[in-house]
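> Fold the following.
(2 chains)
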Number of protein chains: 2
Amino acid sequence: IGSRRAARTLWFLILMSLCLFITVCRASSPQEEEDSAMQNIVTEKRAEESHRQDSADLLIFILLLTLTILTIWLFKHRRFRFLHETGLAMIYGLIVGVILRYAVHVPRDVGTASMGCFVNISPATLLVNISGKFYEYTLKGEISANLVNDVQDNEMLRKVTFDPEVFFNILLPPIIFHAGYSLKRRHFFRNMGSILAYAFVGTVISCFVIGLLMYGCVMLMKQFSQLGGDFFFTDCLFYGAIVSATDPVTVLAIFHELQVDADMYALLFGESVLNDAVAVVLSSSIVAYQPQGDNSHTFEVMALLKSFGMFLGVFSGSFSLGVATGVVTALISFFTKLRDFQLLETALFFLMSWSTFLLAEACGFTGVVAVLFCGITQAHYTFNNLSPESQDRTKQLFELLNFLAENFIFSYMGLTLFTFQNHIFNPMFIVGAFLAVFVGRAANIYPLSFLLNLGRRYKIRSNFQHMMMFAGLRGAMTFALSIRDTATFARQMMFSTNLLVVFFTVWVCGGGTTQMLSCQRIRVGVDSDQDNSMGLADGSERRSTKQESAWLFRIWYNFDHNYLKPILTHSGPPLTTTLPPCCGPVARLLTSPQAIENECQLKDDDSDLILTDGDINLSYGDITVSTDAMGAHTNSGRSFSGTATSDDLDRELAYGDHELVMRGTRLVLPMDDSEPPFSDSIRNLRM
Amino acid sequence: IGSRRAARTLWFLILMSLCLFITVCRASSPQEEEDSAMQNIVTEKRAEESHRQDSADLLIFILLLTLTILTIWLFKHRRFRFLHETGLAMIYGLIVGVILRYAVHVPRDVGTASMGCFVNISPATLLVNISGKFYEYTLKGEISANLVNDVQDNEMLRKVTFDPEVFFNILLPPIIFHAGYSLKRRHFFRNMGSILAYAFVGTVISCFVIGLLMYGCVMLMKQFSQLGGDFFFTDCLFYGAIVSATDPVTVLAIFHELQVDADMYALLFGESVLNDAVAVVLSSSIVAYQPQGDNSHTFEVMALLKSFGMFLGVFSGSFSLGVATGVVTALISFFTKLRDFQLLETALFFLMSWSTFLLAEACGFTGVVAVLFCGITQAHYTFNNLSPESQDRTKQLFELLNFLAENFIFSYMGLTLFTFQNHIFNPMFIVGAFLAVFVGRAANIYPLSFLLNLGRRYKIRSNFQHMMMFAGLRGAMTFALSIRDTATFARQMMFSTNLLVVFFTVWVCGGGTTQMLSCQRIRVGVDSDQDNSMGLADGSERRSTKQESAWLFRIWYNFDHNYLKPILTHSGPPLTTTLPPCCGPVARLLTSPQAIENECQLKDDDSDLILTDGDINLSYGDITVSTDAMGAHTNSGRSFSGTATSDDLDRELAYGDHELVMRGTRLVLPMDDSEPPFSDSIRNLRM
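As a prediction, this is how the structure comes out:
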C-alpha cells in the first residue's frame, strides 16, 4: 500500500537528485577554480580538481545506470515488454545529454595553452619546461584545425566524452566474452553450417551491398553538392562493414522470456555473435587497404589481396589465440585440483580469459574476436572441469559484467547524441543509410536462406526469415566501431548516422518484437523438455534419420567427444576406451583417475548448457521454465561403455550419434512438423 | 601419478613462457618501431604501438597473478602455511622486476621532445601546433629537473610503472569495501570500544611516536651529513601517518584457517580496517598543514588547528557519506521488490557501492574511507534485504575483486623494488625506520591495552597483546600512500624504506604467525558453535552478567534493533510493535507488509554473519568448520513477539538484551574462562 507510493517517491527523488547533482556539480566547479586561482596555483591542485571532475562525470553515469536499473525493475515488475533495458538506458542518456548541452552551459576556464613546435613528428611524450620546472605531457590525439577554438570553449562537454578506446578495451570484451560463454552450444552446433554462412558470407554480402549503395548515395549527393567533404569508396565499404554488425540483444531477451523456438534463437544469436567478429576484422582490413597507393583511393589488386590476406590472418590468428588460451585454461584446471579452492579457480578463470584479450592485442590481432572464441572454448571444455560453485560464480560474474557494460554503452550512446561535438547530420545520407541497411540485411538473409534451404533437410521457413530480417538491430559493436575514429568528415557523418540507425532499430525493431512474433506466427512457449521427451520416445526412428545431419558436424562431434573432451575435461569417456589399443600407454598417462572414476556417471556439456538456461531464467524469472538439467543429467548417466577398437570405428560413429539422440540433443528433430495451434499467450503478453 | 608430473611440467612451462614472453615482447617492439619509422609515421601508428605495449605490460601482471594462483594452490594443497599468497606475489614480482631491470635493457627511442614554454602556470591541456597539425596533450605530472635525462633513457621501465592514482582509485576501493563488508559484526560490536581506541588513539600515538623518532633520526643523519636533501618535521609526521596503517591480511588468513579465538580476530581485524581510514585522513591532514606559513615548516597553532579541523571534517564527511549511501541502498532494496531479479539487484548493489567512492571523491572527501563505512552499512542493513542469491553473489564478487586487487598490489610492490627509478636507500634511515615502526607499534598496543583493561571486564591478556604487536604488518595501504607522491627527496626515501618495511613484515611476521601463535599459547580451533551452545545452556545466568557489557553498545544495539533495522530492512521486529502507540500511523506507513509477515520468522544479521564465515571457509576449505548458520537461524525463529509501549521501555530493553543472549550473540561470554589444554593441532600444522 504505502510501499508502492514510497517506491514512486524514491524513484522521483533519485531522478531529481540526478538533475540537481548535474547542475550543482557543474556549476560549482568553476567557483572553486576561482578560489584556487586566488592563491598560488600549484599543479597538484589542478590535478586534484581534474580528478574530482572525473569522479563527478563518472558518477553521472553510475546514477544513470542506477536509474535504468530501477526503472527496468518497474517495467519487469509490471511486465511491460515494449522497451528493453538498453532502450531505456538510451532514453535516460538522451535526457542527461540534453541537460548537459542546453541547461548547463558553463564555459570553463581550464588552462589550455596553444604553442608552436618545430618538430617534424608528434612525440608521444612531451617535456615542457615551464619557468624552470619540467612537466610531462602525454599525447592524447590529433585535433582538426577548425576545432581548436571549440576545444577551448567546450571543455565541459569534452570532459564527459570518454576515450573511444575505452569501449574497445574495457566495455566490449566482457560483452563479447559473455556472448561466447553463454552460447547455447547444443543448438549452435546443430545449426553451425547455417550460422557460419550467415555470419561469414552474409556479413560480407551485407558489407558490400551497403558499401555500394552508399557509394551511389554519395555520388548522388555530390551531384546535388550536398557533400561537405571527402567521402571515398573505401569509406563507403568501411561504413558497410561497421554497420553490418548486428546486436539483437533486445530481441533475444524477449525471445528468451517468451521461449521462442530454440533453433530460431540459436540461428539469430549465433549469427549476431559471429558477425560481430567478422565485422571487426573486416573493417580493420578495409582500413588497412586505405593508405595504399599514395592515398589515391583507386582500386588496386595487390592492395586488395593484401587486405584479404590480412583479414584471413587476423581472423585466424585471433581465433587460434582464443581457442589456445581456452585450452590452456582447461588443461590447468584439468591437471590441478584447483576446484578445492573456488576463489582461486574463479580468479584463474577470469585472469586467463582476460589475458586472451591482452595477448591478442599485444600480438596485433583483434582482442574482441579472440575473447569470443576463448569464451566458446571455456564454455565447452573448462566449464566441465570447474567445481559447481565456480560454474555459478563465473556465469554470474560475466553476466553482471555484461549487464553493466551493455547498459553503460547504451546510455553513453544516448548521451553522446547531444554532447558529441562534431556531429554531421546529412538528411540525404541518413535516408540512404537507412535504405542501405535495410537492403543489405535483406540481401544477406533471403538469398542465403534460399541457398541454405537447398542443402538443409529442415528448411528455414519464410516466417523465420522475416523474423531474422526484422531482428537485424545494430548496437554496441556498431557504436564502438564508429566512435573509434571520428577524425575525418566521412567518419563523423558515419558516426552521427549510425547513432540514428541504432536508436531506430533498438526502439522500433526492438519494441515491435512481440508484435512481429505474433504477426509471423512463430511458436512461443516452446518447452525444450517436451522436445527431448519426444526425441527419446521414438529414438529408434530418429536413428534412421540421423544420416541427414551435417556430416561436418558429425565428424567434429565424434572427434571432440572421443578425444578432445577426455583430454581436456573430466567429463567424456576415458581415453583408454576411445583410443585404439596400440596407444594404451599414452591413453593411460593422459587419463586422470577421476575420469576413470567418472566413467559410469558421465556429465555432458549439453546438460550444463541447459543448466545455464535455467540459471539465466532464474535471474530474469518472470516466467518459470522447467529445465531438464537434472533430467538430462540422469539420462546421460548410463548408456556409455565406450568400446572402440580401430576396426569398428564405423559402428562407434553410429553409436556416438545414437548417444547424441539418446541424450536428447535433438540433432535430427524435423522443424517442419505440424505447428501447435497458435498460442494465445502472446496476445496476452502484448499489453 | 602422471597428473602430478604433468602439473609440475605445466607449472614450469608457464614460468618459462612468462620469462620468454617478457624477453621477446620487450625485444621485438623496437624492431617494429624501426619498421614504422621507415615509412611516413602517422600518429595513429604510434598510438597503436603504445596500446600494444600497454597490453603487453598488463599481460605481464596477469601472468604473474596466474602464476601466483597456481603456486598458492600448490601451497594450500600441501598445507604450507609459512608463505601467504601476498608474500608469494611479492616474490614473483621481485623476480620479474629483476628480469626487466637487468636481463632486458632496450633503450627505446620513443619520441620524447623537450621544449621551453613561456607560461606562468602549467596548463592541464596543451595544444601543440606541429607543422600545421594540432595535437592535444594532457598533463601527466611534474618531473624533477635532474631526472629529465632519465625519462628519456628508461622509457621501458617507466612503461611498466602505473599511475600511482590507479592504486587509490581502482585497486584499494574493492579491498577496503570487502574489509567492511566482511567485518565480523558480532564480535566487532562486542569489542567496539577497544577497536575504536586502538584505531583512533592508537594510530595517532603511533603516528606521532614514529614521527618524532624519525625526526631524531633525520637530525642525527644531518649531523653525520648523511642526508642528501630536505627532510622537514612535517615529512617525518607524514611518514609516521602512512606507516601506521596496518594490514595483517596474512595473519588474518592464518587466524581464519586455524580458527583462532574470535575476539582476538575481531580486535585485530577491526583495528586494521579502521586504522587504514584514520591513516589516510591523517596523512592528508598533515599534507594540508605543510604548505602553510610560506613553506617555512615551522610550528604554527592556526595551521595545526586547521589541520585538525580538516581531519575531523574529512573523516566525518567521508563517514556520513558512506553511511548515507549504504542507507539509501537499503531503502531502495527495501521499497522495491528488486529481489525478484537477482541480476538487477546485484548490479544496483555494486553501482551504489561504487558511487559512494565517486561521490566522496567528487565532494573532496576520502573515497576509501567512505567506501569502508558504506561496506559496513551495506553488510548491516542492505544485506538483509537482498535475496539469498544476491547475498552470495555480492559476497563472491567482492571476494574476487579483493583477491585480485590485493595480489596485484603485492606483486606490483615486488616489481617496483627494481623498476622504480628514484629509489633512495639510506641505511641509517632504514634502520631508524624499522626501529621507529617497532617502537610506534609497541607504544600503540601496550599502553592502550593497559588503559583498556582498566575498563574492560574481560581483559585483553598479555599474550593477545604480544600477538597484536607481532601482527602489525604493513601492506597495501602503506604502499599506496607512499607511492602516491614521490616527487621530493623525502618522499622518495620514504617510499624506498616503506617497501623494505612491507617486505620484512609480510615475510617475517606473516611467515612466523603459526610459530608465534604456538609460542604465545593462543587458543586455536575455537568452534563458535560450542560457545553458542554454552551461551544458550546457562542463558539465565548470563542474563545477570549482561549489565557489564558496554553501555554505549547496549544503547546503540537497542536503538538499531528497534528502530533502524525495521525501517531499513525486512528483518527485525515490525515498527508497529516497537514505536510508541502515538506514532501508530507513521509506523504503519513505514512498515512493509513483508515485515509484518516476517514477524514470526525473524532473521537476524548475526546469523547471516555466521553464514559469511561458512562461505569464506568453504572457499578456502582446508579445514571444515561446522557453522551454526542454520542452527542460529532456527533458534531465532520464535521468541520475539515485540510488546513495546512507552511505559515498559525498560522491560523492553532488558528483553532485547535477553534476546541477544538467546540468539547466541555471546555478548557477555567471559574471556578469562579456563583454557582448554593447548591443542596439539598447531604443532601438526607447522610442517
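> Apart from its neighbours in sequence, what residue is nearest A:Ile430?
Distance criterion CB to CB, 6 or more residues apart in numbering or on different chains; nearest residue to A:Ile430, sequence neighbours excluded, is A:Thr497 at 5.3 Å. The way it works is simple: take the backbone N, C-alpha and C, and place the C-beta from them, glycine included.
> got a list of what the one you found touches?
By CB atoms under 8 Å, 6 or more residues apart in numbering or on different chains, the contact list for A:Thr497 reads A:425-426, A:429-430, A:433.
> In ChimeraX, how would I select the buried members of those?
Buried residues among the contacts of A:Thr497 (16 or more other CB atoms under 10 Å in any protein chain shown), as a ChimeraX selection:
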select /A:426,429,430,433
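> Can you name the two of the contacts of A:Thr497 that sit furthest apart?
The span of these, defined through CB to CB, is set by A:Phe425 and A:Ala433 at 11.1 Å.
> Let's see the pLDDT reported for A:Val586.
Looking at A:Val586, its pLDDT is 63.
> The one 4 residues further on too?
Among the per-residue scores, A:Leu590 shows a pLDDT of 60.
> circling back: which ones among the contacts of A:Thr497 are found in strands?
Under the assignment DSSP state E, those contribute nothing to strands.
> Generate JSON lines for the contacts of A:Thr497, with pLDDT and distance to B:Thr250 as supplementary columns.
Shown next, in JSON lines, are the contacts of A:Thr497 (pLDDT from 0 to 100; distance: CB to CB, whole Å):
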{"residue": "A:Phe425", "pLDDT": "90", "distance to B:Thr250": "60"}
{"residue": "A:Asn426", "pLDDT": "89", "distance to B:Thr250": "63"}
{"residue": "A:Phe429", "pLDDT": "92", "distance to B:Thr250": "62"}
{"residue": "A:Ile430", "pLDDT": "93", "distance to B:Thr250": "61"}
{"residue": "A:Ala433", "pLDDT": "93", "distance to B:Thr250": "59"}
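> can you list the contacts of A:Thr497 in TSV and add distance to B:Phe75?
Formatted as TSV, these follow (distance: CB to CB, whole Å):
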residue	distance to B:Phe75
A:Phe425	61
A:Asn426	64
A:Phe429	62
A:Ile430	62
A:Ala433	59
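> Which one of the contacts of A:Thr497 is nearest to A:Ala379?
When the contacts of A:Thr497 are compared against A:Ala379 (criterion: CB to CB), the nearest one is A:Ala433, at 35.7 Å.
> Nearest spatial neighbour of that closest one, chain-adjacent residues omitted?
A:Ala433 sits nearest to A:Thr497 (CB to CB, 6+ apart), 4.7 Å away.
> in the stretch 451-600 of chain A, which segments are predicted with low confidence?
Along the stretch 451-600 of chain A, the parts satisfying pLDDT under 70 run over A:527-552, A:571-600.
> Start from the N-terminal end of it and give the strands.
Counting by DSSP state E, counting those that start in this stretch, the stretch 451-600 of chain A forms no strands at all.
> Helices of that one, residue ranges please.
A:462-470, A:476-483, A:489-504, A:510-511, A:513-519, A:528-537, A:539-545, A:551-559, A:565-568, A:575-578, A:584-590, A:593-597 (DSSP state H, counting those that start in this stretch).
> cool, the stretch 151-300 of chain A as well?
With DSSP H, counting those that start in this stretch as the criterion, the stretch 151-300 of chain A has helices spanning A:155-159, A:165-166, A:172-181, A:185-190, A:192-196, A:203-223, A:233-242, A:249-258, A:262-289, A:292-295.
> okay if I get those as a markdown table plus distance to A:Phe350?
Formatted as a markdown table, those follow (distance: least, CB to CB, whole Å):
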| stretch | distance to A:Phe350 |
| --- | --- |
| helix A:155-159 | 31 |
| helix A:165-166 | 20 |
| helix A:172-181 | 10 |
| helix A:185-190 | 21 |
| helix A:192-196 | 28 |
| helix A:203-223 | 30 |
| helix A:233-242 | 30 |
| helix A:249-258 | 23 |
| helix A:262-289 | 20 |
| helix A:292-295 | 41 |
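> Kindly reformat these as JSON lines containing distance to chain B and mean pLDDT.
As requested, the helices of the stretch 151-300 of chain A are arranged in JSON lines below (distance: least, CB to the nearest CB, whole Å; pLDDT from 0 to 100):
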{"stretch": "helix A:155-159", "distance to chain B": "8", "mean pLDDT": "64"}
{"stretch": "helix A:165-166", "distance to chain B": "7", "mean pLDDT": "82"}
{"stretch": "helix A:172-181", "distance to chain B": "12", "mean pLDDT": "90"}
{"stretch": "helix A:185-190", "distance to chain B": "22", "mean pLDDT": "75"}
{"stretch": "helix A:192-196", "distance to chain B": "27", "mean pLDDT": "86"}
{"stretch": "helix A:203-223", "distance to chain B": "22", "mean pLDDT": "92"}
{"stretch": "helix A:233-242", "distance to chain B": "15", "mean pLDDT": "90"}
{"stretch": "helix A:249-258", "distance to chain B": "12", "mean pLDDT": "80"}
{"stretch": "helix A:262-289", "distance to chain B": "10", "mean pLDDT": "87"}
{"stretch": "helix A:292-295", "distance to chain B": "10", "mean pLDDT": "50"}
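> And these: which comes nearest A:Phe438?
Of the helices of the stretch 151-300 of chain A, nearest to A:Phe438 by CB to CB is helix A:203-223, at 9.6 Å.
> and the closest one, C-alpha only, in PDB?
The C-alpha trace of helix A:203-223 is given here as PDB (Å, rounded to 0.1, in the frame of the first residue of the first chain):
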ATOM      1  CA  THR A 203      28.200 -10.200 -43.400                       C
ATOM      2  CA  VAL A 204      30.500  -9.800 -46.400                       C
ATOM      3  CA  ILE A 205      27.500  -9.600 -48.700                       C
ATOM      4  CA  SER A 206      25.900  -7.100 -46.400                       C
ATOM      5  CA  CYS A 207      29.100  -5.100 -46.200                       C
ATOM      6  CA  PHE A 208      29.500  -4.800 -50.000                       C
ATOM      7  CA  VAL A 209      25.800  -4.200 -50.700                       C
ATOM      8  CA  ILE A 210      25.700  -1.400 -48.200                       C
ATOM      9  CA  GLY A 211      29.000  -0.100 -49.400                       C
ATOM     10  CA  LEU A 212      27.900   0.000 -53.000                       C
ATOM     11  CA  LEU A 213      24.600   1.600 -52.200                       C
ATOM     12  CA  MET A 214      26.200   4.200 -50.000                       C
ATOM     13  CA  TYR A 215      28.700   4.900 -52.800                       C
ATOM     14  CA  GLY A 216      25.700   5.500 -55.100                       C
ATOM     15  CA  CYS A 217      24.200   7.800 -52.500                       C
ATOM     16  CA  VAL A 218      27.400   9.700 -52.000                       C
ATOM     17  CA  MET A 219      27.700  10.200 -55.800                       C
ATOM     18  CA  LEU A 220      24.200  11.500 -55.900                       C
ATOM     19  CA  MET A 221      25.000  13.800 -53.000                       C
ATOM     20  CA  LYS A 222      28.000  15.100 -54.900                       C
ATOM     21  CA  GLN A 223      25.700  15.800 -57.900                       C
END
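> between that helix and helix A:233-242, how big is the angle?
140 degrees (axes from the mean of the first three to the mean of the last three CA atoms, to 10 degrees).
> Dump the C-alpha coordinates for stretch A:176-184 into CSV.
Coordinates of each C-alpha in stretch A:176-184 appear next as CSV, following Å, rounded to 0.1, in the frame of the first residue of the first chain:
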residue,chain,number,x,y,z
ILE,A,176,31.6,-10.5,-26.2
PHE,A,177,33.1,-13.0,-23.8
HIS,A,178,29.7,-13.4,-22.2
ALA,A,179,28.1,-14.0,-25.6
GLY,A,180,30.6,-16.7,-26.3
TYR,A,181,30.3,-18.2,-22.8
SER,A,182,26.5,-18.4,-22.9
LEU,A,183,26.2,-19.6,-26.4
LYS,A,184,23.6,-22.3,-26.5
